[in-house]
Structure formats: C-alpha cells, structure tokens
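Trainee: Build me a model from this:
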Amino acid sequence: MATKAAATGSKRKAAPMGKATSDKSAKKVKTDAPKKKKAAPVESPADSSDDFDGIDDDESDGGAKLEQSPPQKKKYDAKAKADNITGVGKPVITESSKEAHALQKKLARERKAAKPLGDEVQRTKKIWERLRRKSHVPSEERKQLLEELFTIITGRVKDFVLKHDAVRAVQTAIKYSNAAQRKQICTELQGTFSQLAESRYAKFLIAKLVVQKEPEIRDMIIPEFYGRVRRLINHPEASWILDDIYRQVASKEQKAILLREWYGPEFALLERNKNEKPTSDLAAILEESPSKRGPIMKTLCDMINSLVQKKMTGFTMLHDAMLQYFLNIKPGSDEHTAFLDLLRDDESGDLFKNMAFTRSGSRLACLLLAHGSSKDRRNILKVYKDNFVLMSGDANAHMVILTAFDVIDDTKMTSKVIFSELIGDDEEKVAENIIASMNNQYARATLMYPIEGQSKALFLSNMSDDKAILKEVHEIRKTTSKKDDHVRRAELAAVLAPSLLSTIAAAAPTLLADSFGCHIVTEVLLSVEGDKTKALEAVAAVAEGDPTAEPIELDNHVAQQAHVSQTAWGGRALKTLIAGGKYNKQTGKVEQVEPPLKFADALYPVIEDYVVEWATGPSSLVVLALLESPDFSHGKELKATLKKSKKQLQAAATEETAEQKARREAEAAEEDSDKGDKKAKKAKKGGAKPERPVGNSGTRLLLENL
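Mentor: You can find the predicted model right below:
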C-alpha cells in the first residue's frame, strides 16, 4: 500500500503502518518449523563513546567487520533490576559487559599492531601529538623528535601518506624540514602526486611541499598533473589543490600547459617540442589552426558549464578559461548570447562575486559591463550589492566599480547603489568611512575617480594594468553608452561633493597628517562645487599654534602629530589652496577656480602671531604665496610685519638649516667610511661635488619681494 510519504514525492519509502491488507484473504499454513528466537538487545557500555582506542581502523576505513562470539544468555540479576526500576530503557552495566568492552579494546590494539607498520604508525602519532603543540615543546626536544620522525618515515613515505592518521605526522615533518629533507620526501613520492591530490587528507601534504615555492620541488610536482587537468578540476578534493598550485606556485609556462588542456583532449598530449614555448592564448591557437575552432570552443564551453552547474565557481583557472572564451566570440553572436545565458543561470551570483577578486575574472566582469545593455548592467550591480566596500579595497575587484562609473549612463542609480555603501547613509559615520578609504590605495582611487580621473596621484605605478583595462572599456563604450564622459563624471562628483566637504570640515587634522590626505583635501576644494566655507575654515584652523614647538607625548604614550608647517606635504597643500588653483605647465600660470577660494584671508588671522616663524621655517613658501596672492586683503600688514623682522629673515636665508646640517654630516660620515673603497676614489677623480646652497630658499625669495 502506498504510504503518505510516498504520495508526497519522497524518494525513501516509509515503513508500513499497522497490519498490511490485501484484496485476497489467505490464511497462513501452520508448519512444524521451530520458532525463531528474538535476538537479545546489544547493550552499549556507557563509557564506550568517549574511548578513542575502542574505534577500529578497519571499520572506520570501510573494512570488513570481525566475527563476534554468539551472545550468551544473561543471568537474572535481581540487584540490577531493582536499581533500574526508575530508569526504564537504560542500559544495565554489569561486570560481564565491562569485561567484553575491555576485550574489544584489546582486540583493537592487537589488530592495529598486526597491520603493516602498525608500531611505526603509533609512534609517529605520539610524536605528532607532541610536536603540534609548538609553544610547549623546547627547541632541543623538537629537534630530537624530528630526527626520530624522519628516521621512521624515510624510505616509507608512500606507506604513511595514504593513512589519514599518519599523513598528519608527515605534514609536521615537512613543516619543520629543511630544503634537502623536503626534496627527499618529494623524490620518494614521485609518481603519486595526482593520486595524493584526490585524497581527502593527503592533498594537504602537497600544499605543505609547495608552500616554500622552491623551483626544484615545483618542477617535480606540477608535471604530474599534465594530461589529468580535466579530471582533477572536476574532482571534489583535487580541484582546490590544483587551482591553488596554478594560482600561486606554477610558472608562466606551467600555467599555459595546464590551461591548454581546457581546449580539448589533443592539448593534453605530453609529446611536444622541448624548444617550443606553449601558449594559452586562445586567439593565437585559433589563428594557427582556424579549422579547429568549432571543437575547441565547444570543449571549452562544456568545461566552463560543467563547473558553473556544480557551483565550483571560485577557481582562478576557471576565470582564465572564461576570459579566453569571451575574448574569442563576437558580441551579438549566438555564442555570445549562449555565454550570457550561462552566466545568468547562476542565480546565487557567486560566479560574479568570485570573478571580481581575480585578475582575469575582474577583467571579464568589466568587459561584460561595457558590452551589456542597461538591464544587464543593472543586474550585474545588483549581484554585487553589500560587497562594494570589500571590492573597493581589492587590487582586482575595484576595477568593476570604476568600469560601472565609466559605462553606466544612469548616474542616479549608480550613485544610489555604490555610494550608499562606500560612504554610508549615517551622517555620523560618513567621515569615518571616507577616512578609512583614504588609507587604502585602491579604495582611494575608487572614491576619487569621478573627481580626478586617471591622475598620477591616484593611479600609482603598480596600477598600470588598471589603465589598460579602462582603455579597453572606453573603446567599447563608444558604441554601448550614450552620455558624454565629462557629464557622467560631473554628475557623480556632484553626489560625492557634500560628503567630502563635510568630512574635511569634521576631520581636517587627520586628513592633513599625511601626503595622501593633503592631496585629497586640495583636489576636493579645487574641483568640486558647493559651499566650501566650513571646510576652508577647518583647514586653516589646523595651522594654529607655534610652528616651532616640539611635539609632546600624550597621556596614552603616543607622540603628538608634528605641526602642519613642519611637513612638506602640509606646506604644499596650504600653498596650493592660497594660490587658488592648479598650476598649468603649458601656460606657466595658475588656473584660478570659480568662485575664488580666498583661502589667504582665512589662513592669515590664524598664523598672524607666528608669521615670522612661518617665514623662517620649512613652510616659508606659504608666506610667499600670501604676498603673491591677488585676492589677499592683508598684504600691506604682512609686509610691514616682515620688514620689522628683516634681520631674522636674513639670518635664516644665509645660515644652515637643521635639514641641511643633518644631510652634510651624513655625507661626511659616508665619505669617511668609504675612504678605502676603490669606487669612491674613482668618483673623487671625476671631479669635486657641486656645493649645495645654504640657507632657507623661501626666505631668500621673501627678502627679494620686500
């Protein structure tokens, strides 16, 4: 009879309830066969669950169960019966059950000892138990234990690594081993690495071997994966260790050989010219053999689809293969449409999230944004919701955000989705979030990109790949985006401006404490539109106080920040704001912003009492900028003050500064130490070093103006 569970579509059949019925009633024929005796219930001792030694290795590894003696009839125990009156169903522990349990433990130990290397395995486990507590083992004892461990495993490593309990000891040996010992273990394991990669426990041993990135060991392990990539990348255990090695350890040539196997079985053949350098560039392969395009693209697409359907989307190798596929299909073609449908099938969005954090995956996401329709772009941004803060600080993922800024015409939607996470909706935390972004070069570039674009200050030398991707995106958007780039960036900057200005007003001392913060302050005040009064006043207030005062140690044993006039970046920022614009190298003039900042009038009342110290200090050019500022209303007053202190200015202009003195003493000490050096003698023969000017150059220019 079908049960209720079966009716509801359950795969497992339910046990029949009550008496079974049939259409035909039939009586059972009585026989003289003896009745079957009910098996006595097996009683579990209370202490068996906590005893590790009682577990049989054969049973845990799927071995055959050992035969047990038939259960003996138990004698009636009146005392035990009385003690168990209130505990119906509880196991009754008698002397016989304890003896049986002790016998089981004894048999288990005997079986372990009878196995090959039984005693050695037990000893390695004891050594591992001691070594794994690193902080509790003295170095001398650790050295002795390691020597004993290597004595046991040397020549028998293969026998140990396939045992789940013994392989941990081998991993510990590798952890504390030297290069020669690692090479010895690797040599013994040659020919088994692909098998070890598929093992649930032994795969970690491969990771221990390659973590040092030694070329000799790397070249012994990786070639054993050749010809097996298609199988290993689909294996639940081997796929992760294969991808880790591909991403972190493999050389450029080895990566190419591994990735080529995605293109078809013929690329897995190991016979190739030794002088030939393999390439994984699919475009070059198709150019050389255009007739093979159909099979190669189908095989590659099937491999990609297989991993996507299995939700195994975090592999760098997968992202590299997807990028190669996308670069070799034409936008609008059937292959392009099918590929986009494949990506849309990933409803959880894990594929796009994982792609953003790898180099190839990030580039692919950027290209998909650039080629996509407005609906596609909106759906992609929806996938990344609640992840934009993490993405903005990543070396690869931040490029997805920059591309969204450059290609999406709906700036209202872009700013609502992205800026709400990067900056936040809580006004109290806006300044905190922006300052946190300024401390990361990628997050800083992400936040300031709508204002500065691809300036050298934002895109440092290690971000050259970012410019290449953006150039590629800009070429594509000519046909896929309608809005002018300057208009798009201006609209995004207008959304950012209030938050940035309020942050400067609230945290000017923190921002002006380092060079990047000073750059952000000047760029925001010179580039964005809005009410800048409070921000300018906050920046001017940072210059308050005696610039010559030494930083004091605060109560929490942290040194107070140096005065803004004592730092090169602080003085440069103030000078730029006083000038009221950016210097144009082509015209040789400062391009004034509109409306004028008039920062000189805000700064002078703050530094008026210490203006002579400013004029003779490291930031003397700030005072010079005040005199040269066209909209400065206290010019005559400042000149009069400086003329009264002309002697101090002349002394500062001619005497050696503290920095110049320190540099001269350092050079003299270096010359003394290099007297016996032949290279130094040759340098002296080339001619005497030119004399460096002495005195404050800014103060000299001030005297000329006076």
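
Trainee: Sort out which residues of the one helix or strand F150 maps to are buried, please.
Mentor: When elements are assigned from DSSP states H and E, F150 belongs to helix 139-153. Residues 145-146, 149-150, 152-153 are the ones in helix 139-153 that count as buried (16 or more other Cβ atoms under 10 Å). Glycine gets a C-beta too; all of them are placed from N, C-alpha and C.

Trainee: Would you format those residues as a markdown table with pLDDT and distance to F388 included?
Mentor: Formatted as a markdown table, those follow (pLDDT from 0 to 100; distance: Cβ to Cβ, whole Å):
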| residue | pLDDT | distance to F388 |
| --- | --- | --- |
| L145 | 89 | 50 |
| L146 | 89 | 48 |
| L149 | 89 | 49 |
| F150 | 89 | 51 |
| I152 | 88 | 53 |
| I153 | 87 | 50 |
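
Trainee: where does V590 fall, phi/psi-wise?
Mentor: Phi and psi for V590, reported as degrees, to the nearest 10, are phi -90, psi 130.

Trainee: thinking again about what came up before, what lies in contact with the helix holding F150?
Mentor: Helix 139-153 is contacted from outside by 120, 123-124, 127, 130-131, 137, 160, 169-170, 172-173, 176-177, 181, 185, using Cβ atoms under 8 Å, 6 or more residues apart in numbering.

Trainee: Verify the stated contact: R488 with K412.
Mentor: No: counting by Cβ atoms under 8 Å, R488 does not reach K412; the two are 11.3 Å apart.

Trainee: neighbour count winner among these two?
Mentor: R488 (22 against 11; other Cβ atoms under 10 Å).

Trainee: Which helix or which strand is home to the more buried one?
Mentor: Using DSSP H and E, the element containing R488 is helix 485-511.

Trainee: Any buried residues in that helix, and which?
Mentor: Buried residues in helix 485-511 (16+ other Cβ under 10 Å): 488-489, 491-493, 495-497, 499-508, 510-511.

Trainee: how long is stretch 478-485 end to end?
Mentor: In stretch 478-485, first residue to last residue: 10 Å (Cα to Cα, to the nearest Å).

Trainee: what about it, average pLDDT?
Mentor: Confidence for stretch 478-485, expressed as mean pLDDT, is 92.

Trainee: Buried residues of the helix or strand hosting A600, list them for me.
Mentor: A600 belongs to helix 599-607 when assigned by DSSP H and E. Of all the residues in helix 599-607, those buried under the rule 16+ other Cβ under 10 Å are 599-604, 606-607.

Trainee: Tell me the gap between stretch 524-531 and the middle of its chain.
Mentor: Relative to the mean C-alpha coordinate of its chain, stretch 524-531 is positioned 34 Å out (Cα atoms, centre = their mean, to the nearest Å).

Trainee: Let me fix that, I meant to ask about stretch 135-142.
Mentor: The answer for stretch 135-142 is 34 Å, by Cα atoms, centre = their mean.

Trainee: Could you give the average pLDDT over it?
Mentor: Stretch 135-142 comes out at a mean pLDDT of 83.

Trainee: what do you get for stretch 366-380?
Mentor: The average pLDDT for stretch 366-380 rounds to 94.

Trainee: buried ones in that stretch?
Mentor: So for stretch 366-380, counting by 16+ other Cβ under 10 Å, buried means 366-372, 377, 380.

Trainee: Can you flag which of those residues belong to helices?
Mentor: 366-371, 377, 380 (DSSP state H).

Trainee: Name the nearest of the residues you listed relative to D320.
Mentor: Nearest to D320 out of these is L367 (Cβ to Cβ; 13.9 Å).

Trainee: Let me know the distance separating the closest one from D346.
Mentor: Look at L367 and D346: by Cβ to Cβ, to the nearest Å, they are 17 Å apart.

Trainee: what about the protein, any weak spots by pLDDT?
Mentor: The model of the chain has pLDDT under 70 over residues 1-95, 112-117, 270-275, 552-560, 673-691.

Trainee: again, only this time at 50
Mentor: Low-confidence segments of the chain, defined by pLDDT under 50, span residues 1-76, 78-88.

Trainee: could you pull out the strands for this protein?
Mentor: Using DSSP state E, the strands of the chain run over 581-584, 589-592.

Trainee: Out of those, which is closest to G361?
Mentor: strand 581-584 (37.2 Å).

Trainee: Give me the sheet partners of that closest one and which way each runs.
Mentor: Using DSSP bridges, strand 581-584 pairs in its sheet with strand 589-592 (antiparallel).

Trainee: Just give the number of residues close to the residue lying closest to N396 once chain neighbours are set aside.
Mentor: Here the nearest residue to N396 in space, its sequence neighbours aside, is S362; by Cβ to Cβ, 6 or more residues apart in numbering that works out to 3.9 Å. When neighbours are counted by other Cβ under 10 Å, S362 registers 26.

Trainee: Check whether S362 really touches T403, as I assumed.
Mentor: No: applying Cβ under 8 Å, one finds S362 not in contact with T403, separated by 9.1 Å.

Trainee: which neighbours do the two share?
Mentor: Common contacts of S362 and T403 (Cβ under 8 Å, 6+ apart): I469.

Trainee: Please tell me how far the closest residue to D386 other than its chain neighbours sits from K382.
Mentor: Spatial nearest neighbour of D386, excluding adjacent residues (Cβ to Cβ, 6+ apart): E421 at 7.1 Å. According to Cβ to Cβ, E421 and K382 sit 13 Å apart.

Trainee: quick one: L526 and E594 touch, right?
Mentor: No: in this structure, L526 is not within contact of E594 by Cβ under 8 Å, at 10.9 Å.

Trainee: Could you provide the buried residues of stretch 366-380 in JSON lines, with additional columns for distance to N354?
Mentor: Formatted as JSON lines, the buried residues of stretch 366-380 follow (distance: Cβ to Cβ, whole Å):
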{"residue": "C366", "distance to N354": "15"}
{"residue": "L367", "distance to N354": "16"}
{"residue": "L368", "distance to N354": "14"}
{"residue": "L369", "distance to N354": "16"}
{"residue": "A370", "distance to N354": "20"}
{"residue": "H371", "distance to N354": "20"}
{"residue": "G372", "distance to N354": "19"}
{"residue": "R377", "distance to N354": "19"}
{"residue": "I380", "distance to N354": "14"}
